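Chemist: structure for this input, please:
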Amino acid sequence: MRIAHTSIVTTSFSAKIGEKRKSAQRERTPQEVSREMQKGIHLLMEDSAQLLDEDPFLALDKAKEATRKDKTLTKHVEDHSLSLQEGSHLTFATWFHLALVYEKNGMNPEAIEIYSFLLKQKRNKSFLVRIRVNMGSLYHAEQNYTQAIKNYRMALDKTTREEKPLRFRIHCAIGNIFVETGKLQDAILEYEAVAMNADADIETCFNLLICYAQVGDVEKAKHTFLRILAISKLSSDNCSDTYPLERDDAMIEIELYEELEKSRKDSGTLLLTAGRLVSSLHHDGDWKVGYLWVRDQLKKRNIDVNHQIEMEQALQHLKRGEFESAIKILKSYETKDIALKAMVATNLSFVYFLEGNNSVADEYADIALATNRFNPNALVNKGNSLFVRENYAEAKELYLEAIGVDSTNFEAIYNLGLTNARLGLVSEAVQAFEKLHSITTNDPRVLYHVANLHEESDNEAAATKWFNVLSSVLPTDPGVLHRIGNLYALQKDDAQSLHYYSESHRLYPSNLDVCGLLAIWFVKHKLFERSIQFFKLASEIQPHEIKWSLMIGSCYRKIDRIEDAFEVYEGVRQDHPENIEFEALDELLRDPRSKSNYLQGRIAST
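Modeler: Here you go, the predicted structure:
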C-alpha cells in the first residue's frame with residue numbers, strides 16, 4: 001500500500017510540473033516570441049560575419065538560414081498583427097548581409113538580384129545610395145559598363161553637395177570605367193570633378209594626370225602635377241603636426257603607425273611616378289626640358305624625391321646612348337650621403353659595364369658593396385664583372401647571394417642560369433630559368449634558354465614542349481619554327497617536321513637552311529618535282545654554289561626527265577669548266593639514248 005501510494009504521489013507531482021511548463025509556454029506573448037526570433041537572427045548574422053573571411057561558403061549558409069528565419073518572423077508578425085516597424089529594419093539588414101556574402105563568394109548575379117529586391121522596399125535615402133553604389137561595383141566587375149554607370153549616376157543623384165567623400169568616390173568609380181572603355185575625355189571630366197576641389201586626394205589627381213598625358217595635353221598634365229605636389233606637401237605637414245610618428249611615443253598605436261607609414265609610402269610612390277611621367281612628356285621637342293622643370297618644382301617645395309628624378313634623367317641619357325651625360329649626373333652624387341652614394345655607385349658600375357669598361361665597373365661595384373653588402377643590384381654588378389672574366393664559380397656565388405636578398409631579382413636569376421650553363425651544370429641552369437619563368441611568365445628569353453638547354457642535353461621531348469611554348473609567345477618567329485621542325489625530325493615525326501619547316505619557310509622564304517631541309521624532305525619521300533622547286537630557290541639564293549644545280553639534275557633523272565637533267569648539267573659545265581666533280585654529267589653523256597634524245601629535241605626546236 002505504501003509503495004502504491006508513493007507512486008500515485010510521484011505521478012501527481014510530475015503532472016503538476018508538466019502543467020506548469022505548459023502554462024509557462026502558454027504565457028509567452030507574441031512580442032516575446034518575436035524578440036526571441038530576432039535574437040536568433042542576430043546571432044546567425046554575427047556568426048556569418050565572423051566566418052566571412054575564413055570560410056565564405058559556411059558564412060553563406062548562415063546568411064541564408066538567417067533570411068529563412070526572417071521570413072518566419074515576418075509571417076509571425078503578420079499573423080499576430082504586430083508592429084511592422086519592429087522587424088522591418090532587421091529584414092533589410094538580413095537581406096543586405098546576404099547580398100554582401102554573395103559578393104564575397106563571387107556570386108555577383110545573385111547579389112544583384114538581392115539588391116534589386118531591396119530597392120523595391122521603401123527605405124531612406126542613405127540606404128538607397130549604398131545599394132546603388134554596390135550594384136554599380138558589381139556591374140563593373142561583370143563588365144556591364146552601361147548598367148554600372150547608370151547605377152553610379154543614380155546614386156550620385158541621391159547625394160547632396162555636403163556628402164563630398166561619397167560623391168568623390170562615385171565620380172572616381174565612373175572615371176575608372178571610362179578609362180577601361182577608352183573614353184578618356186569622359187574620364188577626365190569625372191576626375192576633374194574631384195581634383196578641382198580642396199579635399200581632392202593624390203590618387204585621383206594621379207589618374208587625371210595619366211589621362212592628360214595620354215591625350216597629349218602637356219600643360220594640363222603639368223598643372224595637375226603641381227596639384228599633386230600641393231596635396232602631398234599638405235598631407236605631409238598634417239601628419240607631422242598631428243602624428244609625430246615616433247616609435248617610442250606611447251600615445252601612438254603600432255597599427256596606426258603602420259597604416260600611416262603605408263599611406264605615406266604609397267603617396268610617395270605616386271608622387272615619384274607622376275614626376276617621371278611629366279618629365280617624359282615632350283616639351284617643345286627637347287626631352288630634357290621636362291626633367292629640368294620637374295626638378296625645379298620639387299626643389300622649390302623641398303620634396304625629397306628630386307634625386308630620384310635626376311636618376312631617371314640619367315637613365316634616359318643611357319637609353320639614348322649619351323653615356324657621358326649620364327655619368328656626369330651620377331658623379332655629382334658621389335659626395336652625397338651614404339644611401340645616395342651607394343645608389344650612384346651601383347648605377348655607375350652598370351653604365352661602365354655597358355661601355356665595356358669592366359675594370360671601372362668592378363671598382364664601383366666594390367664601392368656600392370662596401371656601403372651596403374645587401375644591395376642585390378650591386379651584387380649582380382660584381383657578379384657580371386667576374387662573369388666576363390670567366391670566373392664563373394665566384395660569379396655564381398654572388399648571384400646566389402643577390403637572390404638570397406631579393407628572391408625575385410630577374411637579373412640575378414637570369415645570370416645564374418647563364419653561369420650554370422657555362423659551368424656545364426645543365427640541370428641547375430634549367431632549374432634557374434624555370435624558376436624565372438614562374439615569376440615572369442612567358443618571357444621569350446627565359447623560354448628560349450629552357451628549350452635550348454633541354455635540346456643540348458638531348459631531351460628532345462622536353463625541348464619540343466618548351467619551344468612550342470615559345471612559339472605561342474612568338475608565333476611569327478621563323479627561327480623558332482625551324483628549331484621545332486628539327487626536333488620533330490629527330491623524333492622521326494615527318495608530318496610535324498614538314499609542317500614546321502613549311503611555316504618557317506612561309507615567314508622567311510630566303511632561309512637557305514630551311515629550303516634545303518624541305519627539298520631533302522621531299523627527296524626522302526620521293527616527291528622529286530616538289531624538291532626541284534626548293535632546290536631551284538636555293539640556287540637563286542646561292543647562285544655560285546654548284547651543289548644545288550647538281551641536285552636539280554639528279555631529281556630530273558629520278559623522274560626520267562633526262563633531257564632536262566642533261567641541260568642542267570651542261571649549263572653547270574659551261575659555267576664552271578674548271579670544276580672536276582661531274583661524274584653525273586659524264587655518266588649521262590655516256591648514255592647514247594639520253595644524248596640522242598636530247599640532240600633530237602634540240603634539232604626539233606630549231
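Chemist: quick one: the nearest residue to residue 508 once chain neighbours are set aside from residue 494, how far?
Modeler: Excluding its sequence neighbours, the residue lying closest to residue 508 (C-beta to C-beta, 6 or more residues apart in numbering) is residue 478, at 3.7 Å. In short, each C-beta sits where N, CA and C put it, glycine included. Separation of residue 478 from residue 494 (C-beta to C-beta, to the nearest Å) stands at 20 Å.
Chemist: verify the contact between residue 74 and residue 90 for me.
Modeler: No: using C-beta atoms under 8 Å, residue 74 makes no contact with residue 90, being 9.6 Å away.
Chemist: re earlier: tell me which of residue 478 and residue 494 has more neighbours.
Modeler: More neighbours sit around residue 478 than around the other of residue 478 and residue 494, counting by other C-beta atoms under 10 Å; the figures are 18 against 13.
Chemist: contact partners for that one?
Modeler: By C-beta atoms under 8 Å, 6 or more residues apart in numbering, the residues touching residue 478 are 503-505, 507-508, 511, 514.
Chemist: of the residues you listed, which is the nearest to residue 202?
Modeler: Of all the contacts of residue 478, residue 202 sits closest to residue 507, with 48.0 Å by C-beta to C-beta.
Chemist: what count of nearby residues applies to residue 34?
Modeler: Residue 34 is surrounded by 18 other residues when neighbours are defined as other C-beta under 10 Å.
Chemist: which secondary structure element contains it?
Modeler: Remark: residue 34 resides in helix 30-51, with elements defined by DSSP states H and E.
Chemist: for the helix or strand following that helix, packing partners?
Modeler: Toward the C-terminal end, the helix or strand that comes next after helix 30-51 (DSSP H and E) is helix 56-79. With contacts defined as 3 or more C-beta pairs under 8 Å, 6 or more residues apart in numbering; DSSP states H and E, helix 56-79 has these neighbours: helix 30-51, helix 85-104.
Chemist: and residue 31, how far is that from residue 37?
Modeler: When distance is defined by C-beta to C-beta, residue 31 is 11 Å away from residue 37.
Chemist: neighbour count: the two, which is higher?
Modeler: Neighbour comparison, residue 31 and residue 37: the larger count goes to residue 37, with 19 against 13 (by other C-beta under 10 Å).
Chemist: which residue packs closest to the more buried one, ignoring adjacent ones?
Modeler: Once flanking residues are discounted, residue 37 sits nearest to residue 73: 4.6 Å by C-beta to C-beta, 6+ apart.
Chemist: and the helices in the stretch 501-606 of the chain?
Modeler: Taking DSSP state H, counting those that start in this stretch as the criterion, the stretch 501-606 of the chain carries its helices at 512-524, 528-541, 546-558, 562-575, 583-589, 592-605.
Chemist: adding distance to residue 169, mean neighbour count and mean pLDDT, write those helices out as JSON lines.
Modeler: Compiled in JSON lines, those are given as follows (distance: least, C-beta to C-beta, whole Å; neighbours: other C-beta atoms under 10 Å; pLDDT from 0 to 100):
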{"stretch": "helix 512-524", "distance to residue 169": "59", "mean neighbour count": "19", "mean pLDDT": "94"}
{"stretch": "helix 528-541", "distance to residue 169": "65", "mean neighbour count": "19", "mean pLDDT": "93"}
{"stretch": "helix 546-558", "distance to residue 169": "72", "mean neighbour count": "20", "mean pLDDT": "89"}
{"stretch": "helix 562-575", "distance to residue 169": "80", "mean neighbour count": "18", "mean pLDDT": "83"}
{"stretch": "helix 583-589", "distance to residue 169": "84", "mean neighbour count": "14", "mean pLDDT": "56"}
{"stretch": "helix 592-605", "distance to residue 169": "89", "mean neighbour count": "11", "mean pLDDT": "49"}
